[in-house]
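1. Let me see the structure of the following:
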Amino acid sequence: MGMRFAQHVGFFSSLCYDSTYFWSDLVSSGICVTTALPYANGDLHLGHILEQIQADIWCRFLKLCGKKVLFAGGDDAHGTAIMLSAEKKGVTPESWVEDIWQRHRADIVDFGVDMDVFYTTRSPENKALVEGIYRQLEDNGSIVKKSVEQAYDLEAGMFLPDRFIRGTCPKCSAPDQYGDHCERCGAYYLPTELKDPYSVISKSTPVSRTSEHVFFQLSRKADMLSQWIEGAHLQDAVSNKIQEWLHNDDGLQDWDISRDAPYFGFQIPGYQDKYFYVWMDAPVGYMAAVQKYDQDHDTDFFKPIFSQQSDWELVHFIGKDLVNFHGVFWPTVLLSSGYRPPSALHVHGFITINGEKMSKSKGTFITARDYLNALSPEYLRYYFACKLSDSIVDIDLNWQDFVSRCNADLVGKVINIGSRTASFIHKYFSGRLSGELDDESPYSLFIGKLDQIKSLYREKKFHLVTRDLMQLADLANQYVDSKKPWQMIKQDGREHEVQIVCTTAMHLFWILAVYLQPIIPDTSAKISKVLYRDIQSFDDVKIMFLGQEIDAFSRILERITLDMCPQS
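-> Presented below is the predicted three-dimensional model:
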């Protein structure tokens with residue numbers, strides 16, 4: 001291991017730059033951003049959409065800053081659960097995951113998520129990549145074969161994957177936990193350690209049978225993982241958790257990367273009855289998605305992004321339940337097989353609905369399409385942004401608060417600026433703005449907030465972005481209220497003053513549209529059309545529209561009510 005690890009020392013030393021400097025200036029050839037791959041065995045729910053929106057806001061921000069960004073994702077399309085669901089539906093697993101992939105992609109697009117490529121792990125690119133990684137791991141001694149005792153369902157006639165065994169946690173005695181992980185205490189363990197186990201498929205008690213399995217020698221990668229932790233950009237809680245796993249009494253344990261037939265996945269080279277465990281090929285799907293993008297667009301991003309000499313940043317947005325896979329297994333597999341590890345993990349918490357976990361029985365399970373059938377995605381994008389920060393706290397979607405905040409902020413503050421002033425421009429000035437701004441306006445203050453707003457976006461503190469922008473919206477409305485153009489227009493000789501006030505307010509409206517573009521892109525686009533100008537960059541806040549004509553203003557967002565909100 002020492003010699004193989006020495007090959008990575010140069011890379012790690014280049015990775016261990018001052019992360020504060022990089023993350024304040026984002027100096028790199030480009031940034032590849034990914035979201036976790038939703039499992040292709042059911043519809044997307046609002047928990048999935050939370051992550052998609054969070055990553056999309058950040059990618060849109062980066063693009064408005066002129067950064068080269070590749071936003072990639074896709075479906076996790078293998079595993080026993082998919083195999084059994086397809087069998088139950090009377091279709092092939094391939095057709096089952098294809099149908100779900102189409103639905104997932106439509107949901108993501110309809111939520112305004114501007115992903116460059118949304119692919120699937122059930123692809124020829126992913127198959128070739130995972131086989132190549134496996135052969136490299138074999139060649140450098142990172143693979144070992146062991147005989148293991150496994151749970152076997154006599155009634156179903158198959159070995160049981162970890163998630164198809166449930167029982168009592170061996171660590172905290174919580175009942176009805178998964179065979180590999182306890183949701184109450186967070187412990188990871190072997191399925192054979194589970195107390196009072198039963199098969200999820202047949203409800204019978206599984207028996208123990210011996211089978212030879214293929215393991216990735218994670219136990220030999222502690223130094224490699226430690227070096228990665230030092231150089232990667234991780235939230236403190238994430239870094240501490242990985243360190244806890246790394247330095248616990250048992251240390252790192254070898255990782256079983258194989259599953260017995262029957263199984264829906266990629267066959268392991270050299271075996272007739274062994275398949276790659278879904279978590280072996282799932283993260284490789286990020287790489288396959290980039291390859292797919294290259295093929296479809298005649299580009300060459302794969303090598304610059306994933307080679308160990310890469311000067312790109314690779315950032316994974318994930319939920320807190322995926323830290324073990326992305327923070328331990330994935331970086332060590334990449335480094336051990338000749339690829340670069342991620343530069344950063346951005347981990348978010350779970351979502352609850354009205355304070356409850358999402359549950360069909362409690363009426364709190366909301367799919368992405370449930371929401372889209374009820375309301376514009378702009379409202380949810382904004383509400384999530386109000387809650388999202390750089391921390392890992394859980395987020396509650398309270399429908400009453402949702403309605404109140406969207407009505408007050410988006411309609412009552414932002415849209416109100418344009419609706420109350422554009423009408424004056426058309427009614428009294430033939431739709432033409434004045435040739436000057438009001439010297440007493442907050443215009444300079446709005447422009448002066450550019451660096452602060454960009455900094456908050458950069459740090460993923462979207463809750464502070466929305467706070468600051470609503471304060472600006474309040475100032476804009478207070479400015480109009482103080483000038484009272486509806487009274488001024490009734491006074492002879494003050495028409496030009498009214499035109500100046502309304503022109504100034506429309507400039508403030510435009511600046512807010514630019515600042516809000518990553519969060520509510522459709523709304524910002526509609527605002528920009530009023531001024532006949534597309535938003536291309538954050539520097540567009542400085543664009544002036546003096547003396548120009550504007551389009552007629554129509555309602556961009558309407559007030560919503562509680563009964564309009566989706567129900568499961």
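
2. can you tell me which residues contact the closest residue to D394 other than its chain neighbours?
-> If you skip the residues right next to it in sequence, D394 has G349 as its closest partner in space, 3.9 Å away by Cβ to Cβ, 6 or more residues apart in numbering. (Each C-beta comes from the backbone N, C-alpha and C, glycine too.) Counting by Cβ atoms under 8 Å, 6 or more residues apart in numbering, G349 makes contact with 319-320, 391-395.

3. can you pull out the strands in the stretch 151-300 of the chain?
-> 158-159, 165-168, 177-178, 195-199, 207-216, 255-256, 258-260, 274-276 (DSSP state E, counting those that start in this stretch).

4. Show me what the fifth one pairs with in its sheet, parallel or antiparallel.
-> Paired with strand 207-216 in the same sheet, following DSSP bridges, are strand 143-153 (antiparallel), strand 255-256 (antiparallel).

5. With the second one instead?
-> In the sheet containing strand 165-168, its partner strands are strand 177-178 (antiparallel), strand 195-199 (antiparallel), by DSSP bridges.

6. so what's the residue in the chain sticking out farthest from the centre up against?
-> Distance from the C-alpha centroid of the chain, by Cα atoms, centre = their mean, peaks at D492 (56.0 Å). If you count contacts by Cβ under 8 Å, 6+ apart, D492 has none.

7. pLDDT on stretch 307-324, on average?
-> Summarised as a single mean, pLDDT over stretch 307-324 is 96.

8. okay, now the domains of this protein?
-> 2-16+29-142+220-252+269-379, 143-216, 405-555 (automatic domain parsing).

9. Below-threshold pLDDT in the protein: ranges please.
-> Applying pLDDT under 70 to the chain flags the ranges 1-27, 360-363, 568.

10. One more pass at 80, please.
-> Counting by pLDDT under 80, the chain contains low-confidence residues at 1-28, 161-163, 359-364, 568.

11. any idea how far the nearest residue to I453 once chain neighbours are set aside lies from G179?
-> Of all residues beyond its chain neighbours, the one nearest I453 is Y515 (5.3 Å), with distances taken as Cβ to Cβ, 6+ apart. Using Cβ to Cβ, to the nearest Å, one obtains 48 Å as the distance from Y515 to G179.

12. the helices in the stretch 201-350 of the chain, which residues?
-> With DSSP state H, counting those that start in this stretch, the ranges of helices along the stretch 201-350 of the chain come out as 222-231, 236-247, 278-281, 284-297, 302-306, 323-324, 330-336.

13. Of these, which is nearest C169?
-> Proximity to C169, assessed across those by Cβ to Cβ, is greatest for helix 323-324 (15.9 Å).

14. Excluding chain neighbours, give the residue nearest to L44 in space.
-> In space, L44 is closest to A368, 4.2 Å off (Cβ to Cβ, 6+ apart).

15. Could you do V144 as well?
-> Of all residues beyond its chain neighbours, the one nearest V144 is F215 (5.1 Å), with distances taken as Cβ to Cβ, 6+ apart.

16. The domains of the chain into CSV, with extra columns for distance to T561?
-> Output for the domains of the chain, formatted as CSV (distance: least, Cβ to Cβ, whole Å):
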stretch, distance to T561
domain 2-16+29-142+220-252+269-379, 10
domain 143-216, 36
domain 405-555, 9
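
17. of all those domains, which lies closest to P566?
-> In this view, the domains of the chain are compared for proximity to P566 by Cβ to Cβ, and domain 2-16+29-142+220-252+269-379 is the closest at 4.1 Å.

18. nearest to E549, of the strands paired with strand 207-216?
-> With distances scored as Cβ to Cβ, the stretch of the strands paired with strand 207-216 nearest to E549 is strand 255-256 (64.2 Å).

19. contacts for that closest one?
-> For strand 255-256, the external contacting residues (Cβ under 8 Å, 6+ apart) are 148, 213-216, 218, 277, 329.

20. ok, and the most crowded of those residues?
-> Neighbour counts for these were taken using other Cβ atoms under 10 Å; the highest belongs to F216, with 25 neighbours.

21. give me the number of residues near the residue lying closest to Q291 once chain neighbours are set aside?
-> By the measure of Cβ to Cβ, 6+ apart, the closest residue to Q291 outside its immediate chain neighbours is E125, 4.5 Å from it. Using other Cβ under 10 Å as the criterion, E125 is surrounded by 21 other residues.

22. ok, now how distant is the closest residue to G431 other than its chain neighbours from C502?
-> Nearest residue to G431 in three dimensions, chain neighbours excluded: E549, at 5.0 Å (Cβ to Cβ, 6+ apart). Relative to C502, E549 is positioned 13 Å away (criterion: Cβ to Cβ).

23. Now for those two: what residues contact both?
-> If you check E549 and C502 against Cβ under 8 Å, 6+ apart, the residues they both contact are L433.

24. between those two, which one's more packed in?
-> Comparing E549 with C502 by other Cβ under 10 Å, the one with more neighbours is C502, at 27 against 14.

25. which residues does the more buried one contact?
-> Residues in contact with C502, defined by Cβ under 8 Å, 6+ apart, are 421-422, 424-425, 429, 433-434, 485.

26. ok, now with 6 Å
-> 421, 424-425 (Cβ atoms under 6 Å, 6 or more residues apart in numbering).

27. next one: Y443
-> Shown here is Y443, whose contacts under the criterion Cβ under 6 Å, 6+ apart are L437.

28. All set, thanks.
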